[in-house]
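*Asks:* sequence and predicted structure below; questions after.
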Amino acid sequence: MQDRKDSDSRKLLQRLKEILAAPGGGQDRLDQITHHIADSMGTQVCSIYLFRDADTLELCATEGLRPESVHRTRLRLGEGLVGRVARTGRNVNTADAPSEPGFRFMPETGEEVFPSFLGVPIQRVGERLGVLVVQCREARLFSEDEIYGLEVVAMVLAEMTELGAFQGSQSDSLPPKHRFPLMIRGGTGQEGAAEGRVWLHEARVVVTNPVGDDPDRELVRLHEGVDMLRSTVDRMVAAADMGGEGEHQAVLETYRMFAHSRSWLRRMEEDILLGLSAEAAVEKEQSAARARLEMAADPYLRERLHDLDDLSNRLLRILTGQGADTGAEMPDNPILVARNIGPAELLEYGRRLKGVVLEDGSVGSHAAIVARALAIPLVIHAPRITTEALNGDTILVDGDQGIVHLRPEESVHKAFLDKIAMQAEAQNRYASLRGLPAIGTCGTTVQLYMNAGLMADLPSLAGSGAEGVGLFRTELQFLIRNHVPRRGELAELYRRVMDNAQGKPVMFRTLDIGSDKVLPYMKPQDEPNPAMGWRAIRVGLDKRGVLRMQLQALIRASVGRPLHVMFPFIADLAEYEAAYKILMQELSREQRLGHPMPTDIRVGAMLETPSLAFAPRKFFEMCDFISIGGNDLKQFFFAADRENERVRRRYDTLNSSFLLMLRQIIARCEEARVPLSFCGEDAGRPVEALTFAALGIRRLSMRPASIGPVKHLIRRVSIADLRRLIDEGLDSGMPNLRRPITEWLAHQ
């Protein structure tokens, strides 16, 4: 019985393959396909709905419903049973469709006489393409064999859609896939604008033979491919230099377990017996895994399903011969497009990239940190970008607004190029200010520093006109390795950083890991609120060996010159005292060992928690300098997670309550005579930077590209006059000062 069903399925798929190969328009193919599916399954109705745009499904072909409803019946995503299948990626099987929640009656189709309904998604590796529906007059549920067979057919339809088999049928047919303009709204990971050509981090694998002619031959190909995959994974796990047992080893073993999964292989074998090629069978199971991944609430399960997704991609490349090196040449102005990317991989591309667009990612992710270091625009949370983009497509990246234009229309392209030209013209104007100090018309001087984290950042020090490095992020050297860096390696790096600074001060922030910055060789903590969890100095004080090693490297790198050390995420005096004590112990130890010493030591803290604004006076007196970490301080002050797109832009830096807290911090630092700086995204925004200077913060640290605009604004206004305006607004109880400040600036 099963053999007969397999034979029927293979005959149907072979017929679909013949339809694909035969000449003819897309509509003719769709009409033939619905006829043959209905005939093969013994149903009165077969319909194909495809996406017209991201939110609209269109009835593109039917056998059994009224012909005049084709290309006229449309549904929104989630609307009706068809929309539900498309939205959830899950089948709907019912013997009484009108009684199902969300059912929508479409009188133009004449479907009211067909109560039985089976709808399965047409999807390809996470990309929703449409819905395949069969219906019957008799009220019955479809069997598991029928459901599985229709899923296999839907897989072939997905590949045919991907190959463009249904385009060009008539004037009102679907827009050609991968040809029409598309705007994708994501989130800002790094500001800036760039125009270029798509470069896919993992090029799409194209399956050109979704139907297998010989199941036995396809099974052999599958087994050979899986054997090769398993050997590769085994070698990779064995060769991984991960420093012994631990969580990382368990993760790799889980990855290997998936590669050797018998149930995964069995499902693909069953798909082949029904008529799919080996490649299509892999993609069918990969699509199912992607659907489960998107629905999984457990982050551990999502990560494990991601492992299965990665294994599927590896197996597809083996079967198709489309390896990671596809032979395509990177364009001159590449914009990297990826689901996500690690810091080491992004650094390998380096400054060749003009921008980065990610489907996943976050504002504090490793990729965002590296993108900021490379000073290239980054858009995160860009839905469907990896499935919509092809290598070489024209792409516009607006990091300021978090928007991507793919294959833009000429008017959009021209307007965007005008924006880039205006920004370039402004940067040229700012270049003339490079050697001039940031002095307001009232005579108030503000020191402008730059943030850095890579050796590649240091050439920007001279070019930007920065007076030093206000924040050097030391964690990047830990993030891009698969093992803890050696003390000698770090000492050499820090020495080169100071050499390149050419006498200008560099504030080295000790290791700031945890939260969103998890080391690849560090056991994940899976904390419910990682931003407020085990991170930064808390890790350093618990793992003192790493902190001591880093401090030793800094001391040895600073021989013959001053050293500035800054401890991150201090929440109370006791933490600063403990970190300070460790540094003093390491200085004494190095001196006892006879090592040459720095000429001077300056020790400071990052003020990133509101609690530290109320610390005892002793804390401020102990610090040689304090730097406000604006990104964290703002998220904790407003209780607004900066990784959450719904709330991170909800609260304004120029809110009076936040400015009042800054004024209190400034007063406490002035009382203790400790220098104060502000470091964070807001320091690089001219209006906010000017406001901080007017409040009394005389040192600001920002990305190099922001120094010119900030200096330009400072030099054209009176900081003293703005201070009076701010004081009046705060003392009068005004809730937000953005409007009066911008109105005041408009009249300067």
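*Replies:* Thanks, I have the structure now.

*Asks:* may I have stretch 384-391 as CSV, with CA atoms only?
*Replies:* This file holds the C-alpha atoms of stretch 384-391, laid out as CSV (Å, rounded to 0.1, in the frame of the first residue of the first chain):
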residue,chain,number,x,y,z
ARG,A,384,13.7,38.8,5.0
ILE,A,385,16.8,40.7,3.7
THR,A,386,18.8,37.4,3.1
THR,A,387,16.0,35.9,1.1
GLU,A,388,15.1,39.0,-0.9
ALA,A,389,18.7,40.1,-1.8
LEU,A,390,20.9,38.6,-4.5
ASN,A,391,24.6,39.2,-4.9
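
*Asks:* give the buried residues for that stretch.
*Replies:* Across stretch 384-391, burial judged by 16 or more other CB atoms under 10 Å covers 385-391. C-betas here are computed from N, CA, C, even on glycine.

*Asks:* show the pLDDT at the residue lying closest to residue 505 once chain neighbours are set aside.
*Replies:* In this structure, residue 505 finds its nearest non-sequential neighbour in residue 468, 4.1 Å apart by CB to CB, 6 or more residues apart in numbering. Note on residue 468: pLDDT of 94.

*Asks:* give the contact list for residue 468.
*Replies:* Counting by CB atoms under 8 Å, 6 or more residues apart in numbering, residue 468 touches 447, 449-450, 461, 501, 504-507.

*Asks:* what do you get if the cut-off is 6 Å, keeping everything else the same?
*Replies:* Going by CB atoms under 6 Å, 6 or more residues apart in numbering, residue 468 touches 449, 504-505.

*Asks:* low-confidence bits of the stretch 601-748 of the chain, can you list those?
*Replies:* 645 (pLDDT under 70).

*Asks:* count residues in the vicinity of residue 392, would you?
*Replies:* 14 (other CB atoms under 10 Å).

*Asks:* I'd say it and residue 197 touch.
*Replies:* Yes: the pair residue 392 / residue 197 is scored as a contact, 5.4 Å apart, by CB atoms under 6 Å.

*Asks:* for residue 118, pull up the helix or strand it's in.
*Replies:* strand 116-124 (DSSP states H and E).

*Asks:* give me the contacts around that strand.
*Replies:* Outside strand 116-124, the residues that touch it by CB under 6 Å, 6+ apart are 81-82, 85, 89, 91-95, 97, 129-136, 139-140, 142, 150-151, 154, 157-158, 162, 287.

*Asks:* give the ChimeraX command for selecting the buried subset of the residues you listed.
*Replies:* Selection of buried members from those for ChimeraX, criterion 16+ other CB under 10 Å:
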select :81,82,85,89,91,92,93,94,97,129,130,131,132,133,134,135,136,142,150,151,154,157,158,162,287
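
*Asks:* can you pick the most crowded of the contacts of residue 468?
*Replies:* Result: residue 449 is most packed of these (other CB under 10 Å), 26 neighbours.

*Asks:* give me the nearest residue to that residue, chain neighbours excluded.
*Replies:* Using CB to CB, 6+ apart, the nearest residue to residue 449 is residue 470, at 3.1 Å.

*Asks:* now swap in residue 583 and tell me
*Replies:* residue 551 (5.5 Å).

*Asks:* do you know the pLDDT at that neighbour?
*Replies:* 97.

*Asks:* picking up where we left off before, among the contacts of strand 116-124, which lie within helices?
*Replies:* Those of the contacts of strand 116-124 mapping onto helices are 81-82, 85, 150-151, 154, 157-158, 162, 287, per DSSP state H.

*Asks:* any chance of a markdown table for those, columns pLDDT and distance to residue 278?
*Replies:* Shown next, in a markdown table, are the ones in helices among the contacts of strand 116-124 (pLDDT from 0 to 100; distance: CB to CB, whole Å):
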| residue | pLDDT | distance to residue 278 |
| --- | --- | --- |
| 81 | 95 | 33 |
| 82 | 95 | 31 |
| 85 | 93 | 27 |
| 150 | 89 | 21 |
| 151 | 87 | 17 |
| 154 | 87 | 18 |
| 157 | 84 | 18 |
| 158 | 82 | 16 |
| 162 | 67 | 17 |
| 287 | 79 | 15 |
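
*Asks:* residue 224: which of these is nearest?
*Replies:* residue 287 (22.7 Å; CB to CB).

*Asks:* in contact with that closest one, which residues?
*Replies:* Residues counted as contacts of residue 287 (CB under 6 Å, 6+ apart) are 123, 125.

*Asks:* so how far is residue 321 from it?
*Replies:* 21 Å (CB to CB, to the nearest Å).

*Asks:* next, count neighbours for the closest residue to residue 464 other than its chain neighbours.
*Replies:* Spatial nearest neighbour of residue 464, excluding adjacent residues (CB to CB, 6+ apart): residue 704 at 3.9 Å. Residue 704 has 20 neighbouring residues, counting by other CB under 10 Å.

*Asks:* how about the one 10 residues further on?
*Replies:* When counting by other CB under 10 Å, one arrives at 25 neighbours for residue 714.

*Asks:* for residue 700, see how far away it is.
*Replies:* In terms of CB to CB, residue 714 sits 9 Å off from residue 700.

*Asks:* same list, the ones in helices among the contacts of strand 116-124, but as JSON lines with distance to residue 673 please.
*Replies:* Compiled in JSON lines, the ones in helices among the contacts of strand 116-124 are given as follows (distance: CB to CB, whole Å):
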{"residue": "81", "distance to residue 673": "72"}
{"residue": "82", "distance to residue 673": "71"}
{"residue": "85", "distance to residue 673": "68"}
{"residue": "150", "distance to residue 673": "77"}
{"residue": "151", "distance to residue 673": "73"}
{"residue": "154", "distance to residue 673": "72"}
{"residue": "157", "distance to residue 673": "74"}
{"residue": "158", "distance to residue 673": "69"}
{"residue": "162", "distance to residue 673": "67"}
{"residue": "287", "distance to residue 673": "64"}
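
*Asks:* would you mind listing the outside residues contacting the helix ranked longest in the chain?
*Replies:* The helix that spans the most residues within the chain, counting by DSSP H, is helix 215-239. For helix 215-239, the external contacting residues (CB under 6 Å, 6+ apart) are 212, 252, 256, 259, 268, 272-273, 277-278, 314-315, 318-319.

*Asks:* ok, those residues vs residue 574, which is closest?
*Replies:* Out of the contacts of helix 215-239, the member with the shortest distance to residue 574 (by CB to CB) is residue 252, at 38.6 Å.

*Asks:* re the thing from before, the residue nearest to residue 583 and residue 624, how far apart?
*Replies:* According to CB to CB, residue 551 and residue 624 sit 15 Å apart.
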